[in-house]
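# dropping the sequence and predicted coords here.
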Amino acid sequence: MKIELPDDVYRLLQEIAVPFEEPTPADVIRRLLRQHSGASREAAEANPDIPLVTMSRGELLPLGRRIRGKFRGQMRYAEITEEGISFQGQSFSAPSAAAIAAAQDMGARSQHINGWRWWEIEEPAGSNHWLPLERARSYPGLPSLIPADLNVDFDTEN
């Protein structure tokens, strides 16, 4: 069976592929589907392989994952901890609050930053491959990486 992908979906799959481990879009889709299967909050929280942290509005993010943000050529790193997002020894329960603190540390004056868009998350862990944090918002399995308009019927019998 052959599935045609729109160009933007193909580019997205290339962007999130694990280098040297996922040479084809099908490999990326298989990983995402494995991660997404049984992805209810209860199943995710019960799975010791994917420790999760709940943000202030109930979003789940993977514990221990590095995130980074840029401002005027400078970069700051933070980590997702049991307390939320840890930046320079301070914990934040929302990505936006952490983003404001990090950006101000680099000289920004803004009090309004969308942290979901400002931060990038390392995916997968230890890969030095970065994606916008907003794509991880529906973790586990990063299901939001698969566009909602991608209507694919996986026929398991053929």
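Done, it's in.
# just name the shakiest helix or strand of the protein by mean pLDDT.
helix 41-46 (a mean of 46; mean pLDDT, DSSP states H and E).
# ok, then the element right after that one?
strand 52-54 (DSSP states H and E).
# give me the neighbour count for residue 73.
Using other CB atoms under 10 Å, residue 73 has 6 other residues around it. No exception for glycine: its C-beta is placed from N, CA and C like everyone else's.
# ok, which stretches of this structure are strands?
52-54, 60-62, 66-71, 74-81, 84-87, 90-92, 120-122, 130-132 (DSSP state E).
# between those strands, which one is nearest to residue 14?
Proximity to residue 14 (CB to CB) singles out strand 130-132 among the strands of the chain, at 12.3 Å.
# same question for that closest one, mean pLDDT?
Mean pLDDT, strand 130-132: 88.
# if you count neighbours, what's buried in stretch 65-77?
65, 66, 67, 68, 69, 71, 76 (16 or more other CB atoms under 10 Å).
# outside of it, which residues touch it?
With contact meaning CB atoms under 8 Å, 6 or more residues apart in numbering, stretch 65-77 is reached by 78-80, 85, 87, 95, 99, 102-103, 105-108, 118-123, 125, 130, 133, 136.
# okay, the buried residues of stretch 65-77 in a markdown table with pLDDT and distance to residue 26 next?
Converted to a markdown table, these look like this (pLDDT from 0 to 100; distance: CB to CB, whole Å):
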| residue | pLDDT | distance to residue 26 |
| --- | --- | --- |
| 65 | 90 | 25 |
| 66 | 94 | 28 |
| 67 | 96 | 29 |
| 68 | 97 | 29 |
| 69 | 96 | 33 |
| 71 | 93 | 38 |
| 76 | 97 | 36 |
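# and which of those residues is nearest residue 4?
Looking across the buried residues of stretch 65-77 and measuring by CB to CB, the closest to residue 4 is residue 65, at 32.9 Å.
# in the sheet, who's paired with the residue nearest to that closest one when sequence neighbours are not counted?
In this structure, residue 65 finds its nearest non-sequential neighbour in residue 80, 4.9 Å apart by CB to CB, 6 or more residues apart in numbering. Per DSSP bridges, the residues bridged to residue 80 are residue 85.
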